[in-house]
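Undergrad: Give the three-dimensional model of this entry:
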Amino acid sequence: LLALALSLGTTATWAAPEMPDVPDVPVSTATTTSNWKISAGPGIYVAPKFPGARDSLIYPIIYQDIDYKGRFFSRGFDFLGIYAVNNDIWQVGADFQFDPTWRKSKDDSRLNGLGDVNMTVRARAFAQAQVSFVTFSADVAQDIAGQGQGLIANGDILFSLPAGKWLFTLGPGLTWTNSKYMQTFFGVTADQSARSGLPTHAVGAGLREWHANGIVSYEISRNWSALGSVTFARLQGDAASSPITERRQQWTGMAAVTYRFR
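TA: Purely as a prediction, here's the structure:
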């Protein structure tokens with residue numbers, strides 16, 4: 001499942017543990033007359049062990065970017081999607097998204113008694129508009145696998161700067177989550193408090209974080225490309241004040257080299 005790497009293609013967003021969604025940027029400018037566009041390659045992905053964790057985990061990944069007629073796509077964690085609108089300005093659509101966010105009691109003695117949280121699959125709707133070098137993006141993603149991960153909504157603004165074979169993209173964003181998500185990752189009930197020793201912590205829907213995204217891609221040759229991203233997030237509100245949270249600052253990163261097959 002972790003081979004479904006991050007979404008950094010042309011029109012969707014990507015998410016992570018905790019992966020703040022980032023509007024995508026082109027990986028390659030090479031053209032083709034085929035209805036299919038297929039790129040894939042190895043990479044690494046770095047993310048917190050769980051939302052609010054101090055330590056991080058490093059995963060090997062396979063990053064894929066598959067597009068058929070500009071209508072259907074599979075891109076990183078967005079493993080099956082469709083566009084309702086896909087033109088030079090607007091990209092609007094929906095997909096199924098693998099969310100590798102998890103938390104295991106064995107990862108930290110402080111988590112004993114809180115219960116495990118498993119990875120999940122989300123149904124996501126997204127919209128994105130590009131005006132000159134500025135991209136506005138928004139999406140909502142609902143847990144549909146019954147793992148208690150609730151609803152996540154993201155809003156981002158990205159500013160792109162092409163420089164020869166390089167493309168640099170930077171911008172801020174916000175992430176809002178519903179009460180179900182907040183309770184799963186940051187809330188502590190009376191029963192959980194009795195088992196873990198942590199104080200009770202009531203939570204509600206609200207702003208989980210603000211974040212800053214940085215993305216860079218480089219066209220090595222007609223078929224080979226390199227890309228990377230880093231996201232710095234700072235937890236807010238109930239997420240920041242939770243006794244589960246070890247560190248408010250959260251870093252997520254990814255790097256990959258891809259080969260364009262067609």
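
Undergrad: Tell me which residues touch the residue lying closest to residue 185 once chain neighbours are set aside, please.
TA: The shortest distance from residue 185 to any non-neighbouring residue, by C-beta to C-beta, 6 or more residues apart in numbering, is to residue 51 (4.6 Å). From N, CA and C alone the C-beta is placed, and that goes for glycine too. For residue 51, the contact set (C-beta atoms under 8 Å, 6 or more residues apart in numbering) comprises 17, 18, 101, 103, 185, 186, 235, 239, 245, 250.

Undergrad: can you tell me which of these are in strands?
TA: 235, 250 (DSSP state E).

Undergrad: Could you single out the nearest of the contacts of residue 51 to residue 42?
TA: Nearest to residue 42 among these, counting by C-beta to C-beta, is residue 17 at 19.9 Å.

Undergrad: where does the stretch 151-262 of the chain dip in pLDDT?
TA: Nowhere does the stretch 151-262 of the chain drop to pLDDT under 70.

Undergrad: Which stretches in it count as helices?
TA: 179-186, 190-196, 237-241 (DSSP state H, counting those that start in this stretch).

Undergrad: Just put the ones you listed in TSV and tack on mean neighbour count.
TA: As requested, these are exported to TSV (neighbours: other C-beta atoms under 10 Å):
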stretch	mean neighbour count
helix 179-186	21
helix 190-196	14
helix 237-241	19
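
Undergrad: Now tabulate these in CSV and tack on distance to residue 74.
TA: Output for these, formatted as CSV (distance: least, C-beta to C-beta, whole Å):
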stretch, distance to residue 74
helix 179-186, 25
helix 190-196, 38
helix 237-241, 31
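
Undergrad: Quick one: neighbours of the closest residue to residue 202 other than its chain neighbours, just the number.
TA: Counting by C-beta to C-beta, 6+ apart, residue 202 lies nearest to residue 187, which is 6.8 Å off, once chain neighbours are set aside. Residues lying near residue 187 (other C-beta atoms under 10 Å) number 21.

Undergrad: Can you name the residues that contact residue 187?
TA: Contacts of residue 187 by C-beta under 8 Å, 6+ apart are 201, 202, 203, 238, 242.

Undergrad: Which ChimeraX command selects the buried ones in these?
TA: Buried residues among the contacts of residue 187 (16 or more other C-beta atoms under 10 Å), as a ChimeraX selection:
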select :201,203,238,242
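
Undergrad: Check the contacts of residue 187 and tell me the two furthest apart.
TA: Going by C-beta to C-beta, the pair spanning the contacts of residue 187 furthest: 202 and 242, at 10.1 Å.
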